[in-house]
Each structure stands twice: as structure tokens, then as C-alpha cells.
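Peer 1: build me a structure from this.
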Amino acid sequence: MADSVDLYNTTYSNLELTALEQVRVETYGEDLGQSSWLTADELRRFIAWLDLTPDSHVLEVGSGSGGPALFVAKLTGARITGIDINEHAIAAGTRMAHDSGLEGRVQFQQVDASLPLPFPGGTFDAIICVDAIIHMPGRPNVLAEWHRVLKDGGLALFTDSTVVTGLLTKEEIATRGSIGYFLFAAPGEDERLLQEAGFEVERADDVTENAALVASRWCEARARHREALLRVEDDGTYEGLQRFLTIVGTVSAERRLSRFVFVARKPGAGSELARQ
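Peer 2: Numbering: from 1, shown residues only. I've put the predicted structure just below:
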């Protein structure tokens, strides 16, 4: 069994460390402060599917450091509310929003997104959740809450990076899940749960290639900056994260564990689903 490895506390509490910044640049090209399989180009593509305007209010679930939320706000003019369970992530996002002069348009709250959300029904025009839903227990309840807080006709976009599409060893599953709580899904399960929550599924696209590419680059970049990283990570954390990234790269490249992006709409008042 793989030992538990701390990725998020270390990353969010040392976000501005020069070595971590350099690792992100070498991994992603454009540094948004992210710690997922998301690149800026992929986020641009996701944003285009949501048709956001300056009048839109977006909920980002699992907002991490806040960098992607700020990127969305700058690109679209939309108002963003980011929620994350990690206190270091919320502090980093709030600081970045202030430093960017966007604190009036982008706000962050510490929220456990697996529990009922602290927002009235019909609050948001769109929901974005990138590579984070896998860490939330009770996916049917999570999706039901998204449906509740979306406006009629609103869109939810999320990525699931642990869809089982091939044979996996016990060791591979343990290492892939070593950085926290994980849910592994069978193909078609996300679509089924979305429909049960009342959504209409508009797209389900395979985006595994990004996970394979980012994991490989991330592992190699960390190896180049090993000495600097060991000033904030002990040997066990460093080696554990390297093993984690190696496994992600391997099972993603071989399409044994896949990453999909889903876009689903809450039916409007006049739609067939809303009348049922």
C-alpha cells in the first residue's frame, strides 16, 4: 500500500516559492498557479463552451490556489466565487485576488463541497470543477447540489481524471490515490449520475492526453529542481510525489486510467426534463 503523500498543503502554503513557480512554468507553459492536469489552453477551450459574459456569476468548485478563477475573470469579465476545503488554498487565492485588483469580482470561501453548499438555489450561471470532483465523497449529492444552485439553463463543467478504462494493479491504484481521498469511476457512470441529478449531458470528451503530458512534464521539472524542493518537502514527500506523477503519466499514456470532461445543462423552465 502506498503511503499518503501531501501535495496540496505543501503546494498552497509555498505557492510563491521560486522553485515551485519555475516547476509550474516548465510543466504548464503558462503559470496559473494550478496543481492539476489543466493547462491555460485547455481552460480557454472550456471557457468557450460556457458562453460566459461580464454578467455571469460562476462557481468554481475546488478552486485551489485561485489562479484559474482569476484567469477566467480576466478573460470573460465574469464574477467568480471559488470554494475549496483547504485553508492554505483560500488564503493564496484571496491574496492573489487582492494583488490583481480583482477582489471585487473574485472571492474565495473555505467550503467542504461534499456537503450542502452555502448558497441559495439558482445563484449561479455556470459551475466549473477541474480535476477536483474525484476528491469529494457522495457524488450523487454533490451533483444534486450543483443542480440546485444553478439557474435554469445553467451549465456545469467538470473533469473526472480517474475513469477506469483498462487493467490496473493494486499498487497503481494505491499510488494514484496516495495524495488524498479518491473516487474511481466506471465508464458511463458520470453521465448516469448527471442524468439522475436532473442534468442534460451536452458533451463528454476524452482529455486524457493532457493528464499524460502534464504528469510527465511535472515529474521531469521537479527532478530538475530537486534540491530547491527539498527545502520545503522532506525526502518522503518528494519521492512520494515523484512516484505519484510517474504512475499518472504511465496509466494515462496507456489509457488504462482516463480523464474526461463533461458539460451538462440544468434544463430551463420550458424544457422536457424540467416538466417531468
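Peer 1: now do the helix ranked longest in the chain: distance to the chain's middle.
Peer 2: Longest helix in the chain, counting residues (DSSP state H): helix 235-253. Put simply, helix 235-253 sits 18 Å off its chain's centre (CA atoms, centre = their mean, to the nearest Å).
Peer 1: same check on stretch 103-120?
Peer 2: Put simply, stretch 103-120 sits 15 Å off its chain's centre (CA atoms, centre = their mean).
Peer 1: from one end of that stretch to the other, what's the distance?
Peer 2: Start and end residues of stretch 103-120 are separated by 22 Å (CA to CA, to the nearest Å).
Peer 1: give me the contacts around stretch 201-211.
Peer 2: 37-39, 42, 49, 155, 159, 161, 190-191, 194-195, 248, 252, 255, 258-265 (CB atoms under 8 Å, 6 or more residues apart in numbering). In short, each C-beta sits where N, CA and C put it, glycine included.
Peer 1: which intervals of the chain have sub-threshold pLDDT?
Peer 2: 1-16, 269-276 (pLDDT under 70).
Peer 1: center of it - which residue?
Peer 2: Val130 (2.5 Å; CA atoms, centre = their mean).
Peer 1: which residues does that one contact?
Peer 2: 36, 38, 43, 46, 62, 68, 158-159 are the contacts of Val130 under CB under 8 Å, 6+ apart.
Peer 1: tell me which element Leu38 falls in.
Peer 2: Applying DSSP states H and E as the criterion places Leu38 outside every helix and strand.
Peer 1: number of nearby residues for it?
Peer 2: Burial of Leu38 is recorded as 24 neighbouring residues (other CB atoms under 10 Å).
Peer 1: that older thread, closest one to Asp234 out of the contacts of Val130, please.
Peer 2: Using CB to CB, Ser36 comes nearest to Asp234 of these, at 23.2 Å.
Peer 1: ok, now how distant is that closest one from Val248?
Peer 2: 11 Å (CB to CB, to the nearest Å).
Peer 1: the two: who's more crowded?
Peer 2: The neighbour comparison of Ser36 against Val248 (other CB under 10 Å) goes to Val248, with 26 against 19.
Peer 1: next, the angle from the strand ranked longest in the chain to helix 235-253.
Peer 2: Secondary structure of the chain per DSSP state E: the longest strand is strand 150-164. Strand 150-164 runs at 90 degrees relative to helix 235-253, counting by axes from the mean of the first three to the mean of the last three CA atoms, to 10 degrees.
Peer 1: surely Leu150 meets Ile127?
Peer 2: Yes. Leu150 lies in contact with Ile127 (CB atoms under 8 Å); the separation is 6.3 Å.
Peer 1: list residues touching both of those two?
Peer 2: Common neighbours of Leu150 and Ile127 (CB under 8 Å, 6+ apart) are Ala156.
Peer 1: burial count for Gly166?
Peer 2: Close neighbours of Gly166, defined as other CB under 10 Å, add up to 10.
Peer 1: apologies, that question was intended for Tyr238.
Peer 2: 18.
Peer 1: what's the distance between it and Phe260?
Peer 2: The value you get for Tyr238 to Phe260, if CB to CB is used, is 30 Å.
Peer 1: helices along the stretch 51-200 of the chain, start to end?
Peer 2: 67-76, 87-99, 139-149, 170-176, 189-196 (DSSP state H, counting those that start in this stretch).
Peer 1: quick one, which of those helices gets closest to Leu20.
Peer 2: helix 87-99 (11.4 Å).
Peer 1: ok, and which of the helices of the stretch 51-200 of the chain has the densest surroundings?
Peer 2: For the helices of the stretch 51-200 of the chain, the largest average neighbour count (mean count of other CB atoms under 10 Å) is found in helix 67-76, namely a mean of 22.
Peer 1: what's that one in contact with?
Peer 2: Residues outside helix 67-76 that contact it (CB under 8 Å, 6+ apart) are 31-34, 38, 40, 43-44, 47, 52-54, 56, 58, 60, 63, 78-80, 82, 93, 96-97, 100, 102, 105-106, 108, 128, 130.
Peer 1: filter those to the buried ones?
Peer 2: 31-34, 38, 40, 43, 47, 52, 56, 58, 60, 63, 78-80, 82, 93, 96-97, 102, 105-106, 108, 128, 130 (16 or more other CB atoms under 10 Å).
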